[in-house]
Every structure is written in structure tokens, then in C-alpha cells.
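1. this one's structure only:
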């Protein structure tokens, strides 16, 4: 009997966690019972680009938290948040305390407080500062994907599953829960990996 794993209203119980790229892949159905297949990063780089799903900005219905990789979170929108609730609170506190976006909470720069709104004449110094900030934001976005991949591999190793293959999402989530892997420890390591600027 297949285990149901829900993210929002969607059952991702047939998904697998890819140990190579750290992403989720597998079939799912929307509320109209239309079937879709989410590709992991390995699959996306090896085939043609699929048509974008209706109502989605990205063909990703769910992904693992980009801090702890212990929980699947809803995705697919440019405004989707990349973290489970406990990790989001920690990342938001970190960013607020730093007075800037140290760790992005999602894809869009505006939701991370990274934007430029000219007041009056355009100031070249302010534009240059914004360009620097935006470049740092994009580097941090890439870093969160790499961080999640490392966390998925560490989690798979901790629960005795191979890091070079895939694991059913239900098995992965159950075993990481049973192993008592720590969101707090993952966050502390994420902050250390974010560099001395944080």
C-alpha cells in the first residue's frame, strides 16, 4: 500500500528524493486529477525542457526545505518560500538581525528585501550598490540549492541510505524523523557556511 505524503493539497507520495542533486522527482496529480511529473535537477539537465504546468511559475510542486532538508514544502511559484516553518523563523531572524538578506527565503528578490526604488533622479551610486546587492542575492540563491544537496546527502548517509541513488519520499521522511535529525543543528551549520559576512 502506497503512503500518502501531502504538501498543501497535493499528494507527492510517489516522489523520490534524489541523492545526487538533492531534489524531488516523481508523478503527482492536481486537484482535477491531471497527471504531471516533477523532474529533479539530474533529469532536467538530461532531456528537453518540458512545457510549464498551468498555474505554476516553475515545474516544481514540492521541494525539501533548503535548510534542514527534513520536510517537503510547497513550491512552484516565484513567491514560494524555501523553508519549513521552524527553519523559516530562524532564517528570517538571521536576516532581520543582519539588516540584509544573508540567506534568501525564496526565488524573488523583492520577497527578500532586495530591490531598487528610485526617489527622484536616478543616483548612479545607488544603482551600483543595488547591482552589487543583487549579485550577492543571486550567489546566495545558488548557495541554498547547493546547501540543500549537501544536507540531503548527509541525511541519507545518517539514515543508512545510499547518497548516489534515490529514496522514496515516505521512507526518507519517516527515517529522518525516527533518527531525530536536528533542524537547529542544520541551521547553525548553514549560518557557518554562509560565510563571515553573516
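-> Yep, it's here. Please read all numbers here as calculations on a predicted model, not as lab measurements. Numbers count the residues shown, from 1 in each chain.

2. what packs against the helix or strand harbouring residue 142?
-> For residue 142, the host element (DSSP states H and E) is helix 124-158. Counting contacts by 3 or more CB pairs under 8 Å, 6 or more residues apart in numbering; DSSP states H and E, helix 124-158 is packed against strand 16-18, strand 62-64, helix 169-179, helix 183-193. (C-beta placed from N, C-alpha, C; glycine too.)

3. turn the ones you listed into a markdown table, including distance to residue 75 and mean pLDDT.
-> Formatted as a markdown table, these follow (distance: least, CB to CB, whole Å; pLDDT from 0 to 100):
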| stretch | distance to residue 75 | mean pLDDT |
| --- | --- | --- |
| strand 16-18 | 14 | 97 |
| strand 62-64 | 5 | 97 |
| helix 169-179 | 14 | 96 |
| helix 183-193 | 19 | 90 |
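
4. between those, which gets nearest to residue 29?
-> strand 62-64 (12.9 Å; CB to CB).

5. quick one, the helix holding residue 142 and helix 183-193 angle?
-> Between helix 124-158 and helix 183-193, the angle comes out at 130 degrees (axes from the mean of the first three to the mean of the last three CA atoms, to 10 degrees).

6. what angle do helix 169-179 and the helix or strand of the chain with the lowest mean pLDDT make with each other?
-> Counting by mean pLDDT, DSSP states H and E, the chain has its least confident helix or strand at helix 124-158, which shows a mean of 82. Here helix 124-158 runs at an angle of 80 degrees relative to helix 169-179 (the same axes, to 10 degrees).

7. give the other helices and strands that the top strand by length along the chain contacts.
-> Taking DSSP state E as the criterion, the chain has its longest strand at strand 24-29. Where contact means 3+ CB pairs under 8 Å, 6+ apart, strand 24-29 is packed against strand 10-11, strand 16-18, strand 35-38, strand 62-64.

8. cutoff 7 Å now
-> Other elements packing on strand 24-29 under the criterion 3 or more CB pairs under 7 Å, 6 or more residues apart in numbering; DSSP states H and E are strand 16-18, strand 35-38, strand 62-64.

9. the longest one: which residues count as buried?
-> Across strand 35-38, burial judged by 16 or more other CB atoms under 10 Å covers 36, 38.

10. same deal with the last one?
-> Within strand 62-64, the residues that qualify as buried by neighbour count (16+ other CB under 10 Å) are 62, 63, 64.

11. ok so, going back, so of the helices and strands packed on helix 124-158, which one's packed in deepest?
-> strand 62-64 (a mean of 25; mean count of other CB atoms under 10 Å).

12. so what strands line up beside that strand?
-> strand 72-74 (antiparallel) (DSSP bridges).

13. pull the distance from the strand it pairs with to the chain's centre.
-> 8 Å (CA atoms, centre = their mean, to the nearest Å).

14. what is the mean pLDDT for it?
-> Averaged across strand 72-74, pLDDT comes to 97.
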